[in-house]
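Asker: Generate coordinates for the sequence data below:
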Amino acid sequence: GGGGLGVGVLRSGGRPVRVFISYAHGDPGHEGLVRQLWVFLRACGVDARLDLAAAQDRVDWAAWMTREVRDADRVLVIASPAYKRRAEGDAGPGEGRGVQWEARLIRDLFYADQAAGMARFVPVVLPGGSAQDIPLWLAPASAAHYQVSEFTIAGAESLLRVLTGQPAVLVPDLGPVPVLP
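Answerer: So this is what the prediction gives:
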């Protein structure tokens with residue numbers, strides 16, 4: 001990976017990549033890390049969306065979550081024990097209804113187009129987290145996840161690269177086959 005990562009790459013239509021952050025509530029330490037990720041991504045030119053800003057108003061959360069998941073270019077699924085439990089259907093109906101709703105939407109969109117889902121739904125592990133807390137239907141063993149070690153360009157480089165379409169390795173063009181004597 002190179003140090004000169006130019007972030008803030010624009011999508012077609014000249015707009016920044018739009019990202020929705022899906023995470024479980026209930027652990028203040030985890031929520032603080034999610035907030036730091038949100039602030040960091042926005043500082044890097046990524047139009048990251050989080051429920052904190054919306055929560056200042058009276059909100060129809062089901063409609064809000066549906067719109068955010070639908071309209072995002074990428075959805076970051078933040079790994080945590082609570083997210084995994086709620087997203088895999090192991091939580092009671094009253095526990096973490098927001099994540100249960102978001103996870104159902106994400107699962108349904110993923111199921112409808114699994115190839116597109118692999119690119120669109122991005123599992124992220126924050127500092128101190130574990131890839132074991134990625135929901136099974138996001139293929140944690142067979143597909144990439146993105147580890148953020150700290151909220152810096154170096155600490156989040158792989159995630160920034162996938163969100164901004166800047167791969168670390170470019171495939172060289174094929175040259176002509178040499179004519180051998």
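
Asker: can you map out the helices along the chain?
Answerer: Using DSSP state H, the helices found in the chain span residues 28-43, 51-54, 61-71, 81-87, 97-112, 114-120, 157-164.

Asker: list the contacts for the residue most central in space within the chain?
Answerer: Geometric centre of the chain, nearest residue: Leu76, 1.7 Å, by CA atoms, centre = their mean. Residues in contact with Leu76, defined by CB atoms under 8 Å, 6 or more residues apart in numbering, are Val19, Phe20, Ile21, Ser22, Leu37, Ala48, Val122, Val124, Leu159. C-beta coordinates here come from the backbone N, C-alpha and C atoms, glycine included.

Asker: which of those count as buried?
Answerer: With neighbours counted by 16 or more other CB atoms under 10 Å, the contacts of Leu76 contain buried members at Val19, Phe20, Ile21, Ser22, Leu37, Ala48, Val122, Val124, Leu159.

Asker: Is it possible to get TSV of the contacts of Leu76 that adds distance to Ile153?
Answerer: Shown next, in TSV, are the contacts of Leu76 (distance: CB to CB, whole Å):
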residue	distance to Ile153
Val19	16
Phe20	22
Ile21	18
Ser22	23
Leu37	13
Ala48	15
Val122	17
Val124	16
Leu159	10
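
Asker: Restrict stretch 36-43 to CA atoms and write it as CSV.
Answerer: Presented in CSV, the C-alpha positions along stretch 36-43 are these (Å, rounded to 0.1, in the frame of the first residue of the first chain):
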residue,chain,number,x,y,z
GLN,A,36,-15.2,8.0,15.5
LEU,A,37,-15.4,5.9,12.3
TRP,A,38,-18.3,8.1,11.0
VAL,A,39,-16.4,11.4,11.8
PHE,A,40,-13.2,9.9,10.2
LEU,A,41,-14.9,8.7,7.0
ARG,A,42,-16.6,12.1,6.5
ALA,A,43,-13.2,13.9,7.0
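
Asker: Pull out the buried residues from that stretch.
Answerer: For stretch 36-43, using 16+ other CB under 10 Å, the buried residues are Leu37, Trp38, Phe40, Leu41.

Asker: now stretch 147-167
Answerer: Neighbour count says stretch 147-167 has 147-148, 151, 156-164, 166 buried, by 16+ other CB under 10 Å.

Asker: and if you look at stretch 108-119?
Answerer: Neighbour-count burial for stretch 108-119 [16+ other CB under 10 Å]: Leu109, Phe110, Gly117.
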